[in-house]
Every structure is written in C-alpha cells, then in structure tokens.
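Asker: Structure, please.
(one chain, ligands or ions: 1)
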Amino acid sequence: MAISRSVGTRILADVLMVNLGLLSAFVIRYVMVIVSSSSTDPNVLFSSYSRQFLATSWLLTIVIVGLFQGFGVYHQVRAYRQRFKAIVIVQAIAIAHLIYGFSFYFVAIFPLPPRGVVLLSWVICTVLLTGVRIARTAFRAFEESERPKTIAAASAQPRHVLVIGGAGYIGSLVLRRLLDQGYHIRLVDVLMYGDAAIQDIYSHPHFEFIRGDFRHIETIVRALVGMDAVIHLGAIVGDPACAIDADFSTEINLIATRVLAEACKGYGISRFIFASTCSVYGASDLTLDERSALKPVSLYAQTKLDSERILLELAGATFAPTILRFATIYGLSPRPRFDLVVNLLTAKAVREGKITVFGGDQWRPFVHVDDAAYAVQLALQAPLELVKGEIFNVGSDSQNYTITQIGELIHRLIPDAQLVQQGNDIDKRNYRVSFAKIARLLHFAPRHTVEDGVREIQAALANGQIGDYYDRAFNNHSFLISEDNAALLRLESPWAERLAVSRLSA
Ligand SMILES: NC(=O)c1ccc[n+]([C@@H]2O[C@H](COP(=O)([O-])OP(=O)(O)OC[C@H]3O[C@@H](n4cnc5c(N)ncnc54)[C@H](O)[C@@H]3O)[C@@H](O)[C@H]2O)c1
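Answerer: Numbers count the residues shown, from 1 in each chain. You can find the predicted model right below:
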C-alpha cells in the first residue's frame with residue numbers, strides 16, 4: 001500500500017515523539033534514582049538505562065505506529081470527529097505500553113525496563129502525541145478564522161445557492177424544491193443530456209442559468225459571485241458511464257470537484273453539499289454505516305470516495321462540506337433515468353412483460369429521487385454546526401432489498417409480467433446500509449416507498465408521459481457512447497496537456 005507524503009511525515013513525527021517520550025521517561029527516572037539513593041553509582045545506572053533504551057525503544061515505536069495505522073489514525077477521511085480520534089489515540093498508547101511493559105516478562109531476551117519508566121513513558125507519550133494533534137487542530141482553526149472572506153461571509157441562512165449539475169435526474173427536483181421555497185438559484189450545467197428537465201423554469205424570476213462546464217475555472221469563479229452555498233451534483237454518473245473514458249470521468253468527478261471546492265474555500269463559501277454514493281461501500285456482508293470500511297469496486301465509486309476525502313481534508317473554518325451518500329435511486333423526475341434497476345425492471349415488466357433479474361442475492365439500499373432531493377434540502381437548511389464535515393447515508397433502513405426482492409416486488413405489482421432469474425450479475429456491488437444517522441440528526445424519513453416508485457413509472461409508461469424508455473437520453477452510458485454524442489467525451493479539457501504529460505512520465 002502506497003503511503004502519501006503527508007501520512008509519511010505524520011508517521012515520522014510520531015516515531016520521533018514516541019522515542020522522545022521513552023527517552024524522557026528514562027531521564028526522569030535516572031534523576032529520581034540518583035537524587036533519592038546515594039548508594040547508586042550514576043555511571044553504572046546511566047549505562048544500564050542507555051542499554052535498555054537502545055534495546056527496547058524499537059518495540060514501543062513499532063507497536064504504537066502499528067496500532068495507530070490499524071485504528072485508522074493515519075486515514076485521510078475524518079470518519080471520526082476529532083474528539084473520537086483523540087480517544088482512539090489515548091487507547092492505542094495505553095495498549096502499546098501494556099504490550100511493551102509485559103512483553104519483557106515473557107520474552108526475557110532484553111533487559112527489563114523499570115516499571116516506573118514504562119508508566120512515565122505512558123504519560124509522556126499520551127501528552128505528546130495527543131497534545132501535538134490538538135495544538136495542530138487549534139492552530140488550523142485559528143489560521144482559518146483569520147482568512148479574509150472575500151465574496152460571501154459564511155452564512156448560516158443561505159438564500160443564494162449555486163447548483164452544479166442541476167439539470168439531471170436528482171438536480172431537476174432539487175431546483176424546483178428550492179425555488180418553491182424562495183431561494184435564488186444559479187444553475188451551472190453543461191446540459192449533457194439536454195435541457196428538457198429545466199425548460200419550464202428558465203423564466204422563473206429567482207432562477208439564473210449558466211450553461212458551462214465546471215471543469216473551467218472561469219465558469220466557476222463567475223458562478224460563485226454572490227452565492228452563500230453550493231450544491232454539487234455534477235458528475236459522470238454510474239459505473240458503465242464512468243468506465244467509457246477514465247480520464248474524462250476522473251477530470252469531471254474528481255479533479256474539477258477539487259478545484260471547485262478550493263475556489264469555494266478561497267471565497268469563503270462555507271456550505272458545500274456534495275452528492276456521493278453508497279457505492280463507496282462496494283461489497284460487504286455487514287450492515288454498513290458512515291464509519292464502515294470502504295471498498296469501491298468501480299471507477300465511479302472510487303472517484304466519489306477520493307472526492308469525499310479531498311473535501312474533508314479541505315474542511316475548516318471557511319469551508320464546511322457535507323457529504324450525502326445516496327442509496328440507489330428510483331422514481332420519476334423531470335429527467336427520468338432508465339439505467340437504474342427499479343426503473344429499468346419496471347419498464348421491462350410493463351413494455352416487454354418480463355422482469356429479468358441477474359444474480360439476485362446482492363443487497364442494495366434504495367431511495368426515491370424526490371426523497372433524495374428532500375435530503376439535499378434538509379442538509380442545506382440544517383444548522384451548519386450539525387452538518388459541517390459530516391457524512392450522511394441517504395435512504396432508509398426499511399429500503400434495503402436484494403435484487404431478487406426488487407424483482408418479486410415489481411412482479412406483485414405487475415403480475416402479468418414473467419419473473420426470470422438469470423445467471424450472475426457482473427455488478428459486484430453488495431451492501432446493506434444503516435440510515436440511522438440521517439434519521440437521528442436531520443430527522444430525515446423518506447416519504448416514498450419502492451412500491452410508489454414502481455407505480456409512478458408504470459403510470460408514466462401507460463399514459464404516454466414516457467414514450468420509448470430505451471431512448472438514449474434516459475441512459476447515461478448509452479447516451480455517452482452513441483456516435484453523435486461521443487463528442488461530449490472530447491469536450492475541451494482544461495487539463496489535457498497536464499494529463500498527457502503525466503501519462504508520458506508514468
Ligand atoms: N441517481 C443515482 O442513483 C445516484 C446515486 C448516488 C449518487 N448520485 C449522485 O448524485 C448526483 C446527481 O446524479 P443524477 O442521477 O442526477 O445524475 P445525472 O447524470 O442525471 O445528472 C448529472 C448532471 O451533471 C451535469 N454535468 C456533468 N458533467 C458536467 C460538467 N463538466 N459541467 C457541468 N455540468 C456537468 C450533466 O449535464 C447532468 O445534468 C451525481 O453526483 C451522482 O454521482 C446519484
């Protein structure tokens with residue numbers, strides 16, 4: 001596993017502090033013995049303590065750094081709040097000293113360090129290793145608070161909101177919700193899949209539209225002027241769509257997200273809501289929450305996870321990102337998508353009389369697209385203290401289903417269709433998710449069920465609202481690979497030259 005330069009520096013600093021702590025313990029103990037006992041020869045004691053320090057310090061160092069690594073202290077994502085991290089550090093140092101102190105009783109190859117030294121080292125290492133971290137956090141907070149806020153003061157009550165990628169499936173509902181609530185909305189979208197979803201709101205007095213690519217910094221700077229908050233939904237969405245052109249997807253999903261976040265931070269636009277995905281959990285048999293291990297199994301999920309890490313690293317007094325990890329979405333929106341499992345299986349059941357389920361045992365959490373938009377609204381309106389630097393899974397515990405269960409549910413509602421189980425799915429995702437945190441902190445409770453979603457798709461197909469569900473406009477992957485739209489993948493990249501150079505030197 002590669003170690004980044006910043007993690008390497010932190011490990012080196014910890015190695016030095018552990019050795020300093022142990023050395024100080026020997027020195028203090030040495031002074032105490034010499035002062036209290038006139039019969040002890042200072043030279044003999046000095047050489048005995050020196051030998052003990054040199055022979056044993058490596059063990060304490062390895063155990064502490066190993067435990068820190070195992071407990072996630074060096075991880076980039078702040079899945080734990082700082083105070084939890086401090087508890088983890090204190091625990092790791094205690095365990096390490098117990099191992100250090102007791103190991104010499106069992107393996108007597110090294111001289112046994114005095115118990116007093118072990119105890120002193122325990123205290124000094126705890127003070128040093130936690131104290132330095134607390135001081136660093138406090139210094140960063142102070143530094144942040146001293147930064148001038150140029151465009152917008154970090155506002156607790158945002159009224160002017162920039163939505164990136166709001167012409168899409170989720171965004172087109174977010175826009176309507178926020179406009180209905182009196183927000184002033186500026187949308188930046190390149191309109192990859194057209195503008196059908198926003199045509200009816202162009203003339204809204206509180207709506208402003210910039211057609212542009214958020215990879216371009218000029219577009220971003222122009223769009224940020226006067227804004228209090230940013231909702232970032234823009235991305236190449238879905239595993240198959242992302243896999244078409246890895247560079248293009250990485251540029252949009254990851255690199256441009258970083259630049260956007262840095263611009264927000266520079267301009268003091270604190271509130272930043274980022275659309276991530278439960279796909280970051282990858283494959284696991286456990287029920288996962290926001291602190292669980294992450295195992296993305298696709299480029300799409302990896303770009304989202306890397307973006308989360310970057311945003312949380314940038315968090316500070318003038319930048320307060322909130323990460324929303326959406327479950328798999330279903331239901332109708334002004335920009336419908338039929339590359340999502342519930343919508344696609346329902347459409348196939350209605351139009352082809354067949355519900356084909358691949359594999360079927362894989363678990364997946366689901367949430368209605370309108371509930372996803374509602375969660376964005378809640379995150380925007382929540383007190384900043386409650387949501388800053390936080391990750392929320394968006395969905396509900398009662399909507400974790402296996403794909404087979406989804407097939408059976410659709411079959412119950414559309415009994416004329418035939419349910420067919422077939423082979424394995426190439427999609428490796430399998431995860432059940434806990435949504436307790438968003439329910440507890442934001443009082444989020446979905447207003448729709450999967451049954452509602454199936455019924456509304458069924459009705460839209462029946463009444464002609466949706467014509468050909470196979471239309472490429474409803475499927476991100478099919479749309480992006482189609483010949484006439486492939487040009488989108490060659491949209492001028494602001495980083496083309498740099499990427500080419502880095503590829504040459506790789
Ligand atoms: N739909 C889901 O099931 C789901 C699940 C989890 C997370 N998400 C996340 O939610 C967000 C929105 O998803 P969606 O389903 O609405 O996607 P979508 O594909 O319908 O919409 C994405 C929008 O982003 C725009 N866009 C893409 N690249 C752009 C660029 N460079 N500049 C400007 N605009 C750009 C597109 O034009 C489009 O309007 C995404 O970040 C996605 O990763 C979606």
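Asker: What separation is there between the residue nearest the centre of the chain and the ligand?
Answerer: In the chain, the residue lying closest to the centroid (C-alpha atoms, centre = their mean) is Glu308, at 3.4 Å. Plainly put, Glu308 is 11 Å away from the ligand if you go by C-beta to the nearest ligand atom, to the nearest Å. Where you see a C-beta, it was placed from the backbone N, CA and C, and this is true even at glycine.
Asker: what's the answer for Met17, then?
Answerer: Separation of Met17 from the ligand (C-beta to the nearest ligand atom) stands at 41 Å.
Asker: Spit out the contact partners of that residue.
Answerer: Cys125, Leu128, Leu129, Val132 (C-beta atoms under 8 Å, 6 or more residues apart in numbering).
Asker: Would you mind checking those for buried ones?
Answerer: Cys125, Leu128, Leu129 (16 or more other C-beta atoms under 10 Å).
Asker: Checking whichever residue of the stretch 101-250 of the chain sits closest to the ligand next. Helix, strand or coil?
Answerer: At 2.0 Å from the ligand, Gly168 is the closest residue in the stretch 101-250 of the chain, using C-beta to the nearest ligand atom. Three-state call for Gly168 (DSSP: H, G, I helix; E, B strand; the rest coil): coil.
Asker: got the contact list for it?
Answerer: Asp189, Tyr193, Ala197, Leu233, Gly234, Val237, Arg335.
Asker: 10 Å instead, please
Answerer: If you count contacts by C-beta atoms under 10 Å, 6 or more residues apart in numbering, Gly168 has them with 174, 189, 191-193, 197-198, 233-235, 237, 275, 333-335, 337, 476.
Asker: do the same with Val454
Answerer: Counting by C-beta under 10 Å, 6+ apart, Val454 touches 330-331, 342-343, 345-346, 349-350, 406, 409-410, 412-414.
Asker: Whichever strand or helix holds it close to the ligand?
Answerer: Under the criterion of DSSP states H and E, Val454 resides in helix 450-462. No: using C-beta under 6 Å from any ligand atom, helix 450-462 stays clear of the ligand, with a minimum separation of 11.8 Å.
Asker: could you point out which element follows that helix?
Answerer: helix 476-481.
Asker: Secondary structure element for the residue nearest to the centre of the chain, which one?
Answerer: According to DSSP H and E, Glu308 maps onto helix 299-314.
Asker: got the residues of the stretch 401-506 of the chain near the ligand?
Answerer: Asn476.
Asker: Closest approach to the ligand from the stretch 401-506 of the chain, which residue is it?
Answerer: Asn476 (5.2 Å).
Asker: got a list of what that residue touches?
Answerer: Asn476 touches 168-169, 192-193, 235-238, 240-242, 244, 337, 339-340, counting by C-beta under 10 Å, 6+ apart.
Asker: So among the contacts of Met17, where is pLDDT lowest?
Answerer: Lowest pLDDT of the contacts of Met17: Val132, 89.
Asker: so what's that one closest to, chain neighbours aside?
Answerer: Computed as C-beta to C-beta, 6 or more residues apart in numbering, the closest residue to Val132 that is not its neighbour in sequence is Met17, at 6.7 Å.
Asker: where do the strands sit along the stretch 51-200 of the chain?
Answerer: 160-164, 184-189 (DSSP state E, counting those that start in this stretch).
Asker: partners of the last one, with directions?
Answerer: Sheet pairing of strand 184-189 (DSSP bridges) gives strand 160-164 (parallel), strand 207-211 (parallel).
Asker: The last one and the ligand, are they touching?
Answerer: No: counting by C-beta under 6 Å from any ligand atom, the ligand is not contacted by strand 207-211; separation bottoms out at 8.6 Å.
Asker: what's the spacing between that strand and its chain's center?
Answerer: Relative to its parent chain, strand 207-211 has a centroid offset of 28 Å by C-alpha atoms, centre = their mean, to the nearest Å.
Asker: mind listing what's buried in it?
Answerer: Phe207, Glu208, Phe209, Ile210.
Asker: show me where the stretch 251-400 of the chain has helices.
Answerer: With DSSP state H, counting those that start in this stretch as the criterion, the stretch 251-400 of the chain has helices at 256-266, 299-314, 341-352, 369-381, 384-387.
Asker: What of the stretch 51-200 of the chain?
Answerer: Counting by DSSP H, counting those that start in this stretch, the helices of the stretch 51-200 of the chain are 82-106, 115-146, 171-180.
Asker: Roughly how far does the nearest residue to Glu408 once chain neighbours are set aside sit from Tyr470?
Answerer: Excluding the flanking residues, the one nearest Glu408 by C-beta to C-beta, 6+ apart is Leu419, at 6.8 Å. Per C-beta to C-beta, to the nearest Å, Leu419 is found 21 Å from Tyr470.
Asker: Looking at the two, which one has more neighbours?
Answerer: Using other C-beta atoms under 10 Å as the criterion, Leu419 and Tyr470 rank with Leu419 on top: 18 against 13.
Asker: got the contact list for the secondary structure element (helix or strand) that that one belongs to?
Answerer: Per DSSP H and E, Leu419 falls inside strand 418-422. With contact meaning C-beta under 10 Å, 6+ apart, strand 418-422 is reached by 345, 348-349, 352-360, 403-404, 407-408, 410-412.
Asker: List only buried entries from these.
Answerer: Here, 16+ other C-beta under 10 Å leaves 345, 348-349, 355-360, 403, 407, 410-411 buried among the contacts of strand 418-422.
Asker: Run the chain-centre distance for stretch 271-285.
Answerer: Between the mean C-alpha location of stretch 271-285 and the chain-wide mean there is a distance of 6 Å, by C-alpha atoms, centre = their mean.
Asker: average model confidence for that stretch?
Answerer: 93.
Asker: tell me which parts of the protein are close to the ligand?
Answerer: Near the ligand, when you scan the chain using C-beta under 6 Å from any ligand atom, you find 165, 167-171, 188-193, 213-215, 233-235, 237, 252, 275, 277, 326, 328-329, 335, 337, 340, 476.
Asker: sorry, back to before: for ChimeraX, write a command that selects the buried ones of the contacts of Gly168.
Answerer: To isolate the buried ones among the contacts of Gly168 in ChimeraX, judged by 16+ other C-beta under 10 Å, type:
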select :174,189,192,193,197,198,233,234,235,237,275,333,334,335,337,476
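Asker: related to what we said a few turns ago, can you say which of the contacts of Val454 are buried?
Answerer: Among these, the ones that count as buried by 16+ other C-beta under 10 Å are Tyr330, Gly331, Val342, Asn343, Leu345, Thr346, Ala349, Val350, Ile406, Leu409, Ile410, Ile414.
Asker: do you know how far the residue nearest to Glu408 is from Glu456?
Answerer: For Leu419, the distance to Glu456 equals 21 Å [C-beta to C-beta].
Asker: Which of the buried ones among the contacts of strand 418-422 fall within strands?
Answerer: Ile355, Thr356, Val357, Phe358 (DSSP state E).
Asker: Lowest pLDDT pick from these?
Answerer: Within those, pLDDT is lowest for Phe358, at 87.
Asker: unless I'm mixing things up, it is touching Gly423, no?
Answerer: Yes: the pair Phe358 and Gly423 qualifies as a contact (C-beta atoms under 10 Å) at a distance of 6.1 Å.
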